[in-house]
Each structure stands twice: as structure tokens, then as C-alpha cells.
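A.B. asks: Quick one, fold the following:
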Amino acid sequence: MNDLRVSDPFSLDSMSDPINALMRPWRIDLADTAPRIKIDVSEQDGSYAVKAEIPGVSKEDIDVRIDGNLVTISAETKSEKQEKDKGRILRQERRHGYASRAFTLACPVDEAKAEAQYKDGVLELRLPKKAGDSAKHLTIR
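C.D. replies: Predicted coordinates for the structure are as follows:
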């Protein structure tokens, strides 16, 4: 009796068929194409502190938008790599990636007093809460 094997040449599971895994050197590692934004949000006296890890990005390519209590952090990566031998280009690669994270805070942010600093791949935001925005309690009659 013959065994029938079904193989998917486009499968991303390289352990399923080691021979096919060796035959696919063109597989792209998606981790290198776009940054992954990891964030920590903490609440302090009258403000929020946000730390966002965005390695490998210049501060000019980071965009922070505040709309009430919605905060959006976007980053874009661009890199070019070129290998030359005796003035001849042997290989040239270009990569472009984009990542975005959005989150909602419990209170609106005072956009005029918000501060941002980027150093060593970490974006730090200080987002003061908007004064005078307290919840209104309604009396039921």
C-alpha cells in the first residue's frame, strides 16, 4: 500500500518538512520589516506616564497624536543596505516598515501640557490630565 503525503510548499512551519525548509531561502523574517511598539502606561499624580519601546527608529519618524483620551503612537522604519565589490554593486536591499499603537485613557489629556522625549529606543510621554473634567453625579427623582 502506498502512503499519500500532502505537502504545502508555502507553509511557514519549517519543522513540518526539513527538506522544503531548506529549499525556501527566500522566506522573509517579518520581525525586521516593522517595529513592534511595546508600551507601559502608569498613572501618577494628575498625569499619565507612558513608556514605549521603539528600537531602531529615529525620532523624526515617530508620530504621537492625542485626541481627548485617545493616544496614538506611530513609527516608520526605513533602511537601505548595499554591498559593493570593487565599485560594483553585488546586492542592494531596501526595507520599509510601519507600526502603530492606540490606547484609550480613563481621563482626557491636556494636549498643551503634554511632553515627549525619545532616547535610546524608548519614547517617554508625560500626559497631564485635563483639569475640571470631573464626573457629574445625577440625582434620580
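A.B. asks: Return, as residue ranges, the portions of this protein with sub-threshold pLDDT.
C.D. replies: Confidence mapping of the chain against pLDDT under 70 gives the ranges 1-35, 132-137.
A.B. asks: Walking through it, point out its strands one by one.
C.D. replies: Read by DSSP state E, the chain holds these strands, from start to end of the chain: 38-44, 47-53, 62-67, 70-85, 88-104, 115-119, 122-128.
A.B. asks: Output those strands in a markdown table, with mean neighbour count appended to each entry.
C.D. replies: For every residue, glycine as well, the C-beta is placed using N, CA and C. Written out in a markdown table, the entries for the strands of the chain read as follows (neighbours: other CB atoms under 10 Å):
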| stretch | mean neighbour count |
| --- | --- |
| strand 38-44 | 12 |
| strand 47-53 | 17 |
| strand 62-67 | 14 |
| strand 70-85 | 14 |
| strand 88-104 | 11 |
| strand 115-119 | 12 |
| strand 122-128 | 18 |
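A.B. asks: how about TSV for those strands, with distance to residue 139 added?
C.D. replies: TSV is the format used below for these (distance: least, CB to CB, whole Å):
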stretch	distance to residue 139
strand 38-44	29
strand 47-53	31
strand 62-67	32
strand 70-85	31
strand 88-104	29
strand 115-119	39
strand 122-128	31
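A.B. asks: closest to residue 141 out of those?
C.D. replies: Using CB to CB as the criterion, the shortest distance between residue 141 and those is 32.6 Å, found for strand 88-104.
A.B. asks: ok, now how distant is the spatially closest residue to residue 94 that is not a sequence neighbour from residue 93?
C.D. replies: For residue 94, ignoring the flanking residues on the chain, the nearest one in space by CB to CB, 6 or more residues apart in numbering is residue 80 at 5.1 Å. According to CB to CB, to the nearest Å, residue 80 and residue 93 sit 7 Å apart.
A.B. asks: Ok, residue 49 next?
C.D. replies: Where residue 93 is concerned, residue 49 sits at a distance of 38 Å (CB to CB).
A.B. asks: ok, the closest residue to residue 46 other than its chain neighbours - contacts?
C.D. replies: Distances taken as CB to CB, 6+ apart put residue 129 closest to residue 46, at 5.4 Å, once the chain neighbours are dropped. The contact partners of residue 129, by CB atoms under 8 Å, 6 or more residues apart in numbering, come to 46-48, 107-110.
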